[in-house]
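Trainee: Need coordinates for the following:
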Amino acid sequence: MFILFFALGAICLIYYIALVSYSGTATPFSEAWIMATVVCLLLGLCFVIPRTKKLINKIPKVVKICVLSIVGAGALLFLVLLINVITGFNDKPQEKVDVVVVLGAKMRGNTVSRALADRLDAAYDYVMEEGNEDVVIIVSGGQGADEIMTEAQGMKDYLIDKGLDENRIIMEDKSTNTMENLKFSYEIIEEMFGNNASIAICTSNFHVYRATLLTENMEIENVSGLAAYTKPILLPNSTVRECLALVKEWMIGNIKLW
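Mentor: Here you go, the predicted structure:
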């Protein structure tokens with residue numbers, strides 16, 4: 001068991017180093033990998049320190065069974081959520097849509113972040129496909145406390161620089177989270193198309209499942225996902241974080257997991 005936990009801890013530590021080397025120490029959720037490393041090493045030491053081994057052996061069997069059951073249930077839940085998240089990795093509308101809603105992400109000064117650029121590239125490629133010339137894009141995102149401009153404005157500027165006609169771009173610049181992205185964008189869509197519009201939610205591939213699940217709870221119909229590429233180095237961190245975000249959304253009543 002010591003070797004197993006030591007190996008897991010080493011994997012977590014190596015990934016943390018690779019992650020922060022690529023995207024910096026400010027990467028959301030990156031500190032969790034250091035915590036996982038410490039936990040794995042401590043658990044491993046429990047199986048080699050004689051005194052600790054004796055204490056473990058003295059724990060009543062029923063307690064051990066309860067603990068293992070809780071851990072097992074948690075692992076099973078995580079696996080189910082992980083599989084669901086992965087199902088959205090390659091989502092793309094099967095039929096032409098009326099509107100593509102691009103969900104905002106972090107701005108770096110007046111430049112879009114890597115993740116946001118990937119989302120915008122996916123949306124741009126879709127609306128530039130033959131037959132999609134009349135599809136409009138809603139860029140959705142307000143201004144964070146540490147941002148010098150709204151995400152929507154940065155997103156619009158990026159698309160215009162790529163050559164997209166600005167008349168095909170609509171800004172939603174009040175939202176501060178995914179729920180508001182969807183809510184405020186849908187209000188714009190209703191004004192333009194009524195409630196019969198077909199919509200593609202364009203976001204990072206690991207985020208597609210949660211975003212479309214949120215629209216179900218909001219009773220928004222005719223929605224499909226449009227998955228944007230995510231750099232492989234970021235996927236483990238983002239995917240694990242997304243599974244925890246799903247649990248949070250379920251706990252506060254924003255989604256139904258089953």
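Trainee: Spatially central residue in this structure, please.
Mentor: Within the chain, the residue whose C-alpha comes closest to the C-alpha centroid is His207; the distance, by C-alpha atoms, centre = their mean, is 3.4 Å.
Trainee: and that residue, what does it touch?
Mentor: With contacts defined as C-beta atoms under 8 Å, 6 or more residues apart in numbering, His207 is in contact with 88, 103, 178, 238, 242. (Glycine included, C-beta is placed from N, CA and C.)
Trainee: Just the pLDDT at the third one, thanks.
Mentor: In this case it means Thr178. Per-residue confidence for Thr178 comes out at a pLDDT of 92.
Trainee: That one against Ala105, yeah?
Mentor: No. Counting by C-beta atoms under 8 Å, no contact exists between Thr178 and Ala105, whose distance comes to 10.4 Å.
Trainee: Need the overlap of contacts for those two.
Mentor: When contacts are counted by C-beta under 8 Å, 6+ apart, Thr178 and Ala105 are jointly contacted by no residue.
Trainee: Which parts of stretch 100-120 count as buried, going by neighbours?
Mentor: Using 16 or more other C-beta atoms under 10 Å as the test for burial, stretch 100-120 gives 100-107, 112-113, 115-120.
Trainee: and if you look at stretch 138-150?
Mentor: Neighbour-count burial for stretch 138-150 flags 138-143, 147, 150 (criterion: 16+ other C-beta under 10 Å).
Trainee: Between which two of those residues is the distance greatest?
Mentor: Ile138 and Glu147 (19.0 Å; C-beta to C-beta).
Trainee: Would you check how far apart the nearest residue to Val20 once chain neighbours are set aside and Ala36 are?
Mentor: What sits nearest to Val20 in space, not counting adjacent residues and going by C-beta to C-beta, 6 or more residues apart in numbering, is Ser30, at 5.8 Å. Using C-beta to C-beta, to the nearest Å, Ser30 is found at 11 Å from Ala36.
Trainee: low-scoring stretches of this protein, by residue?
Mentor: Across the chain, residues meeting the criterion (pLDDT under 70) sit at 53, 258.
Trainee: Distance check, Leu116 against Lys174.
Mentor: 17 Å.
Trainee: Please apply the same query to Ser113.
Mentor: The separation that Ser113 has from Lys174, given C-beta to C-beta, amounts to 20 Å.
Trainee: Out of the buried residues of stretch 100-120, name the ones that lie in helices.
Mentor: Using DSSP state H, 115-120 are the members of the buried residues of stretch 100-120 that sit in helices.
Trainee: so what's Leu213 closest to, chain neighbours aside?
Mentor: Taking C-beta to C-beta, 6+ apart, and ignoring the residues beside it in sequence, Leu213 has Ile255 as its nearest neighbour in space, at 4.7 Å.
Trainee: List the residues that contact the one you found.
Mentor: Applying C-beta under 8 Å, 6+ apart, one finds that Ile255 lies in contact with 210, 213-214, 216-217, 246, 249.
Trainee: can you tell me which of those lies nearest to Ile14?
Mentor: Leu246 (26.5 Å).
Trainee: Okay, and the closest one sits in which element?
Mentor: For Leu246, the host element (DSSP states H and E) is helix 235-251.
Trainee: list the buried ones in that helix?
Mentor: In helix 235-251, the ones that count as buried by 16+ other C-beta under 10 Å are 236-243, 245-246, 249-250.
Trainee: Tell me which residues are up against it.
Mentor: Counting by C-beta under 8 Å, 6+ apart, residues outside helix 235-251 touching it are 15, 19, 27-30, 32-33, 77-78, 81-82, 84-86, 204, 206-207, 209-210, 213-214, 230, 255-257.
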